[in-house]
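**Student:** quick one: sequence and predicted model below, then my questions.
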Amino acid sequence: MPAIVVLGAQWGDEGKGKATDLLATTDSIDFVVRTSGGHNAGHTIVVNGEKYATHLLPSGILTPGATSVIANGVVVSPEALFRELDGLLARGVEVADLKVSANAHVIASYHATIDKVTERFLGKNQIGTTGRGIGPAYADKINRVGVRIADLFDEKILREKIDAALDVRNHLLTKVYNRRAIEVDAVVEELLSYAERLRPMVCDTSLLLNQALDAGQTVLFEGAQATMLDVDHGTYPFVTSSNPVAGGVCVGAGVGPTRIDRVIGVIKAYTTRVGSGPFPTELFDEDGVQLRTLGGEIGVSTGRTRRCGWYDAVVARYASRVNGLTEFFLTKLDILGAWDRIPVCVAYEIDGKRVDEMPMTQTEFHHATPVYEFFDGWKSDISGCRSFEDLPKNAQAYVQALEEMSGAKIWGVGVGPGREQTLVVHE
Ligand code: GDP
Ligand code: IMO
Ligand code: MG
């Protein structure tokens, strides 16, 4: 299987890091590639009880046989990149080879400043961003005043570009936000300080990946963020500023859609969301608190608590459709062992009418209330199960019911954070 996409099917934090790590270590993967987002991601991997978190780096960085690639669609903070890399090296981790696209856009410290002041300015309408400068960096890219990695190797060009980028930004900062202007020299100096260390990593990653695919090597595209956070297909404006859906992988890596063989949607056995925006199955009662507590639902990047709710099959079907999923990887089934009966949202009720598919407008989605079906719980600890048949009958029935209503087969099930805590349902 030469090209595999792993992506988030809900609002993020589904367990993409675990799924990627699992495939990278068991399926002889040659490349693990990030194609969108930046260090707003937080992916957790647990190896032999040791916990690692990756943000900008692909999770393949922990698999020395595989090459990690940060492709053109990613927004790269060199400061965050080296902080993360040094953090792993300081822990004595043997890190994989790393390649960075010359065309990837750069996040400088002013992007984070603008992200934070914009959020403050929005007040009660704020998105609840991670404050990492993701939106402003993508805005510069689309406005054609962005700085790319290749620009760091030509001081003259870099200065011209930063000058152009800060021209309008500084008017905004000083006149609208009442902040100090950002100095061009300081930004140029900051970015140049990373150039030498970056240089050996930088290449044409589209060429590299296409050549690898031509040679029959296996490439794993590790999604960040998720379908419902996609700027086109998510709950706009409460989204991130990139395209985490499967189509975004092709743009973000410079590979054609005909090269992709598998598209795996990672999905939790319940739902979580960080930041603002609609979330039909969100729970405000004891069940919500219990899901958060048992599931350890605290953000890896920002430490914010995650909003929790039941599984939403409408969201699952939508993710299956817009990504062309070939399969799901269902995570955190073990967390549901405490309930007598488990509600699953099978449709919405909107203004008195039953709706089975994602509604067309955001206003309708804001008004959607869940129509629940209830499943018998299994009331036991399943974290030690190692095959689907080991699961209690009610847990098997829950997985099978989700598969029937979600639009794609369930390839694997997670029963704990460890690599080994995975059950393969369909090969
Ligand atoms: P990502 O952003 O999609 O990679 O997900 P995060 O790492 O932000 O959040 C997922 C959390 O769930 C992490 O703490 C994982 O270690 C954990 N996790 C992943 N799969 C499972 C599972 O099957 N069971 C349990 N209990 N935890 C899991
Ligand atoms: P992983 O890869 C969950 C959310 C933020 C905010 C919105 C916009 O770990 O699943 P941004 O900083 O991107 O402009 O914030 O998107 N968000 C995430 N939520 N998991 C993530 O990544 C996220 N990355 C961004 O909370 O609501
Ligand atoms: Mg995460």
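**Tutor:** Nice, I can see it. Because the structure is predicted, anything quoted here is derived from the model rather than measured. Ligands and ions are numbered 1, 2, ... in the order given.

**Student:** which residues touch Asp351?
**Tutor:** With contact set as Cβ atoms under 8 Å, 6 or more residues apart in numbering, Asp351 has these partners: 364, 367. C-betas here are computed from N, CA, C, even on glycine.

**Student:** state the pLDDT value of it.
**Tutor:** Reported pLDDT at Asp351 in the predicted model: 94.

**Student:** can you pull the contacts of the residue of the stretch 51-200 of the chain found nearest ligand 3?
**Tutor:** Evaluated by Cβ to the ion, the stretch 51-200 of the chain has Ala53 as its residue closest to ligand 3, separated by 8.5 Å. For Ala53, the contact set (Cβ under 8 Å, 6+ apart) comprises 17, 42-45, 300.

**Student:** which one of those residues is nearest Val202?
**Tutor:** Set against Val202, the nearest of the contacts of Ala53 by Cβ to Cβ is His43 (23.2 Å).

**Student:** identify the bridge partners of that closest one.
**Tutor:** Using DSSP bridges, the bridge partners assigned to His43 are Thr54.

**Student:** what is the burial count for Ser276?
**Tutor:** By other Cβ atoms under 10 Å, the residues close to Ser276 number 17.

**Student:** and for it, nearest residue in space, chain neighbours not counted?
**Tutor:** The shortest distance from Ser276 to any residue that is not its chain neighbour, by Cβ to Cβ, 6 or more residues apart in numbering, is 4.3 Å, and that residue is Gly128.

**Student:** quick one: that neighbour is in a helix?
**Tutor:** No. With DSSP: H, G, I helix; E, B strand; the rest coil as the criterion, Gly128 is coil rather than part of a helix.

**Student:** please shift the residue numbers so they start at 6 in all later answers.
**Tutor:** That works, and once the first residue is 6, the last one we named lands at Gly133.

**Student:** roughly how far apart are it and Arg88?
**Tutor:** Between Gly133 and Arg88 the distance is 23 Å, computed by Cβ to Cβ, to the nearest Å.

**Student:** what sits against the spatially closest residue to the residue of the stretch 56-205 of the chain closest to ligand 3 that is not a sequence neighbour?
**Tutor:** Spatially, and ignoring its direct neighbours in sequence, Ala58 is nearest to Val305 (5.0 Å; Cβ to Cβ, 6+ apart). Applying Cβ under 8 Å, 6+ apart to Val305 gives the contacts 18, 47-49, 58, 60.

**Student:** switch to 7 Å and redo it
**Tutor:** 47, 49, 58 (Cβ atoms under 7 Å, 6 or more residues apart in numbering).

**Student:** picking up where we left off before, from the contacts of Ala58, which has minimum pLDDT?
**Tutor:** Note: of those, the lowest pLDDT belongs to Val305, at 79.

**Student:** how near is that one to ligand 2?
**Tutor:** Per Cβ to the nearest ligand atom, to the nearest Å, Val305 is found 6 Å from ligand 2.

**Student:** roughly how far apart are that residue and ligand 3?
**Tutor:** Plainly put, Val305 is 5 Å away from ligand 3 if you go by Cβ to the ion, to the nearest Å.

**Student:** quick one: residues in contact with stretch 404-417.
**Tutor:** Contacting residues not belonging to stretch 404-417 are listed as 269-270, 316, 318, 321-322, 325-326, 330-335, 338, 351, 380, 418, 427-431 [Cβ under 7 Å, 6+ apart].

**Student:** I misspoke; the intended subject was stretch 121-133.
**Tutor:** With contact meaning Cβ under 7 Å, 6+ apart, stretch 121-133 is reached by 134, 136, 182, 184, 242-243, 280-281.

**Student:** quick check: of these, which has the highest neighbour count?
**Tutor:** Note: the member of the contacts of stretch 121-133 with the most neighbours is Thr134, at 23 neighbours, neighbours being other Cβ under 10 Å.
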